Structures are given as C-alpha cells and as structure tokens.
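Asks: what's the 3D shape of this:
(one chain, ligands or ions: 1)
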Amino acid sequence: MKRILTIQDISCLGKCSITIALPLISAMGVETVILPTAVLSTHTMFQGFTVKDLTDELIPITDHWKKENVHFDAIYTGYLGSAEEIEIVKKIFREFKTDDTLIFIDPVMADNGKLYPAFDLNYAKLNAGLCGEADVIVPNITEACFMTDTEYREEYDEAYIKDLIGKLAALGAKKTVLTGVSLSEGKTGVYGYDSETKEYFIYQNDRVDAQYHGTGDVFSSVSVGALMRGLSLKDAFRIAADYTADTIRETLKNPEKPWYGVDFEATIPELLSMLSK
Ligand code: PXL
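Replies: Okay, the predicted model is just below:
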C-alpha cells in the first residue's frame with residue numbers, strides 16, 4: 001500500500017484540510033499519515049475561531065519518524081500556518097524525499113483575488129519558494145497571481161493563463177497545474193504544464209454555480225490519491241475535477257447543507273467507482 005504524508009492544519013469543524021485529506025485518501029486505499037500544522041476550532045471563514053499553533057511539534061514528530069525509518073511515497077502539503085512552518089516543511093522534504101517520493105504542493109493561502117486572513121505578501125513569496133521544490137503544484141489563479149506578482153483578473157483569456165503558467169513553471173516545479181480555470185462560458189477545470197516534456201494539458205468540465213470552502217482540498221486530495229493509485233497525471237486530474245464538481249452538485253441537493261463545506265462523505269462511493277473504471 002502506498003503511504004502519503006499530508007502536512008496541513010486540523011480545522012476541527014469546517015470540512016477542510018486534514019478532515020478532508022484523511023478520509024478521502026484513506027478511502028482511496030492509500031495510507032495517510034498526518035502532520036498537523038495547527039489546530040483550529042473551525043476554518044478561518046468562521047468568526048472568532050481559535051488557533052493553537054503546532055510549529056514546535058513538527059520537528060520532534062518527524063525526528064521520531066526518522067528513527068522509525070519511515071518512507072513516504074508522497075508528501076502532500078496544504079494550508080501551513082506561518083512563514084516559519086514553510087521553512088520547516090522544506091527541511092522535512094530534505095529529510096524524507098527519496099527518488100520515489102512525489103512532492104505535491106497545494107499552496108493554500110488565497111481565493112477570489114484575496115489572501116486568507118492569516119497571510120500576507122511575504123507569506124506568498126515564501127510559498128513561491130516552497131513551490132520551487134515540488135514535483136507537482138496546484139495553485140488556483142489567485143494564489144498563482146500572488147506568487148508571481150501578476151495582476152488578478154476575473155475575466156481573462158487563454159494567453160493570460162499561459163503567461164501565468166509560464167511564470168509559475170519558472171518557480172521550478174516539474175508539473176504546474178492551475179486550478180479553477182474557465183476557458184468558456186459554463187465550464188471550469190485545470191490547465192497544466194509539464195516542464196520536462198514542455199506539454200500542456202487541459203481538462204474542462206461543467207461549472208457548478210456555487211462556491212464552497214474545502215473544494216480545493218477535495219480536488220488536491222483526490223489528485224494525489226489517484227496519482228498514488230497509479231493513474232496518469234491527466235486521469236488523476238480529470239477524476240479529481242469531476243469528483244469535486246459532482247460533490248458540489250450533491251451538496252446543493254441537501255436541504256440542510258452546511259454553508260461551510262461540501263458533503264464529500266456522500267460521494268465517496270462514486271469516487272471509488274471512478275477509480276475502478
Ligand atoms: O480549505 C482551505 C483552508 C484550510 N485550512 C484553513 C482554512 C482554509 C480556507 O479558508 O481557513 C484553516
């Protein structure tokens with residue numbers, strides 16, 4: 001069985017980061033080791049959330065794993081709490097990366113043209129440096145703009161996206177996958193670039209007109225889980241995009257739908273059947 005280490009926060013209530021990655025990746029038949037960067041009462045879109053920073057715990061925990069000679073087939077990072085944690089994560093990459101460890105980075109920090117409450121421009125720059133160490137990065141357009149000093153646009157054309165991808169690829173990741181890219185009315189999806197083969201790949205599915213927190217985490221978790229299951233990059237991102245869209249559709253059907261996250265629990269059987277096709 002493949003083993004992933006995921007490094008991100010625990011938001012106790014809110015369906016995001018580890019409370020999405022752990023159930024989804026485990027359901028995909030991949031062992032999921034967690035390294036929590038912080039414990040929050042809820043995600044940061046709630047008012048009055050509490051935060052217990054866990055920066056001091058990261059090295060002692062990983063030092064223990066080192067003694068146990070643990071091997072990770074992938075290291076998947078998401079929401080990290082602070083600039084200091086980004087530096088520690090780089091150290092963890094150096095400690096645990098072997099020739100067959102995939103470094104998958106979702107530089108979670110912003111959406112819809114704005115940084116999340118905990119972050120500033122300096123954090124965005126450090127995240128750009130972290131992305132340079134990755135095999136695969138999956139920023140959304142807002143995150144890509146903050147990391148590359150590009151003007152954020154709601155309306156754009158393919159030339160804007162290609163320019164953004166070029167600047168992202170220059171950060172150093174082997175594969176750059178921009179998410180939330182809409183190339184025509186009613187469609188959305190991913191626009192990827194492989195720096196080694198110089199090939200682009202595009203996948204667009206029907207846009208669901210609803211915004212939910214945690215959908216980026218659903219997308220990333222399924223992508224990295226599918227890659228660990230041996231799917232090609234294109235198939236992994238296609239399944240992740242389709243599953244995320246279907247999960248939003250399913251959530252909209254729930255009369256008591258929580259505003260803060262998606263009902264991914266309801267669509268896990270569908271995910272498993274997508275994987276077995
Ligand atoms: O889903 C991204 C995310 C992860 N973790 C925390 C967040 C958010 C988005 O708002 O607040 C704590």
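Asks: excluding residues flanking it in the chain, which one is nearest residue 44?
Replies: Closest residue in space to residue 44, ignoring its immediate chain neighbours: residue 117 at 5.1 Å, by C-beta to C-beta, 6 or more residues apart in numbering. C-beta: built from backbone N, CA, C; applies to glycine.
Asks: phi, psi of the one you found?
Replies: Phi and psi for residue 117, reported as degrees, to the nearest 10, are phi -50, psi -30.
Asks: show me what contacts residue 184?
Replies: residue 204 (C-beta atoms under 8 Å, 6 or more residues apart in numbering).
Asks: so who does residue 46 touch?
Replies: By C-beta under 8 Å, 6+ apart, the neighbours of residue 46 are 13-14, 260.
Asks: check it and give its pLDDT.
Replies: Note on residue 46: pLDDT of 95.
Asks: in what helix or strand does residue 81 lie?
Replies: Here residue 81, judged by DSSP states H and E, is contained in no helix and no strand.
Asks: any idea how far residue 39 is from residue 178?
Replies: To residue 178, residue 39 is 31 Å away according to C-beta to C-beta, to the nearest Å.
Asks: sorry, wrong one. I was asking about residue 56.
Replies: From residue 56 to residue 178 the distance is 34 Å (C-beta to C-beta).
Asks: who has more neighbours, these two?
Replies: Applying other C-beta atoms under 10 Å to residue 56 and residue 178 shows that residue 178 carries more neighbours, namely 22 against 9.
Asks: report how many residues lie close to residue 277.
Replies: Residue 277 has 6 nearby residues by other C-beta under 10 Å.
Asks: ok, which stretches of this structure are helices?
Replies: 18-27, 55-67, 83-96, 121-131, 141-148, 158-169, 215-228, 233-253, 268-275 (DSSP state H).
Asks: what's the longest one in contact with?
Replies: Meaning helix 233-253. 136, 175, 177, 188-190, 192, 194, 201, 203, 205-208, 210, 212, 215, 218-220, 222-224, 226-227, 231, 257, 262-264, 266-267, 270-271, 274-275.
Asks: thinking again about what came up before, how about the helices of the chain, which one is nearest the ligand?
Replies: Closest approach to the ligand among those (C-beta to the nearest ligand atom): helix 215-228, 4.8 Å.
Asks: ok so, going back, only whichever of the contacts of helix 233-253 are buried, select them in ChimeraX.
Replies: In ChimeraX, this line selects whichever of the contacts of helix 233-253 come out buried by 16 or more other C-beta atoms under 10 Å:
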select :136,175,177,188,189,190,192,194,201,203,207,208,212,215,218,219,220,222,223,224,226,227,231,262,263,264,267,271,274,275
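Asks: return only those of the contacts of helix 233-253 found close to the ligand.
Replies: The subset of the contacts of helix 233-253 within reach of the ligand, counting by C-beta under 6 Å from any ligand atom, is empty.
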